[in-house]
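>>> Got a predicted structure plus its sequence, pasted below:
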Amino acid sequence: MKILSLIIDLLYPKHCRFCNKVIGFSRCIECEEKVAELKRPIGLPLQRQARNMDCLAFVFSPYNYEKPVSEAILRLKFSNKPLDEKSFALDIVNELKNCDEPLKLDIITCVPTTNREIKEHGRNLPYILAKIISQEMQLEFDPDLLLKIKETKRQMGLSGEQRRKNIKNAFAVNSDKKLTGKSVLIIDDMFTTGSTMNECAETLRKSGAVNCCGATIAAAVR
């Protein structure tokens, strides 16, 4: 088995999940030092100040959204890197399992995207992360719970108020889904102002969900 692992490592050398540099058998010391400063206190939800979280009970993110974490997320949006996807998903799982009050969840879903957005990004990263997280936490995964029913502008570059208006009424709950009394975890790749995830939570709560929280790889510093 050790020989087989050695051959695999030689044929498919390991890369740093943050900077994508080939590291082989070693560690990427440079990224480890940078990322250590970007790690958030484990199990501590984001502070609500200056964030749009009216309909979200909690949002958890293991990292602050800065380089090299931000570069890693961008790379995952466009590149097929299963090991890195699982690694970041497990970071989120670790975050959720170590919060002060155990989360009582019924369903895991993800922020929905349109076909146009998937073509632009190349991949549906929130879906990929949510699927892995649901398997690790042994919870129901419903990727079709939310539908995006309105094309929106890119959120990047918009102010907080513009983001809220842009995403307003952009989502709907799949008509055959029953949410009364359910607690839902919403997965996305990153959290900035919170407009998108909060709009998802508001849509879910209008359909009967009693509790909505979120989790992402990283969150913008506020």
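Now that the structure is in, tell me what you want to look at. Here the structure is a predicted model, which is why all the values come from computation and not from measurement.
>>> any low-confidence regions in this protein?
Applying pLDDT under 70 to the chain flags residues 1-12, 121.
>>> Please parse it into its domains.
1-38, 40-219 (automatic domain parsing).
>>> can you put those in JSON lines and add mean neighbour count?
Where you see a C-beta, it was placed from the backbone N, CA and C, and this is true even at glycine. Compiled in JSON lines, those are given as follows (neighbours: other CB atoms under 10 Å):
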{"stretch": "domain 1-38", "mean neighbour count": "13"}
{"stretch": "domain 40-219", "mean neighbour count": "18"}
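>>> Report all helices and strands that the longest helix seen in the chain contacts.
Selection of the longest helix in the chain by residue count, based on DSSP state H, yields helix 82-97. The helices and strands touching helix 82-97, judged by 3 or more CB pairs under 8 Å, 6 or more residues apart in numbering; DSSP states H and E, are strand 59-60, helix 69-78, helix 125-137, strand 211-215.
>>> List of residues touching that helix?
17, 42-43, 60-63, 72, 75-76, 103, 125, 128-129, 132-133, 136-137, 185, 187, 215-217 (CB atoms under 8 Å, 6 or more residues apart in numbering).
>>> likewise stretch 162-175?
By CB under 8 Å, 6+ apart, stretch 162-175 touches 52, 112, 144-150, 152-153, 155, 158, 179, 192-193, 195-196, 199-200, 203-204, 206-207.
>>> Next, the distance between the ends of stretch 205-222.
One end of stretch 205-222 sits 26 Å from the other (CA to CA, to the nearest Å).
>>> Same check on stretch 173-193?
22 Å.
>>> quick one: the strands in this protein?
Under the criterion DSSP state E, the chain contains strands at 59-60, 63-64, 107-110, 140-141, 146-148, 171-173, 183-187, 190-191, 211-215, 218-219.
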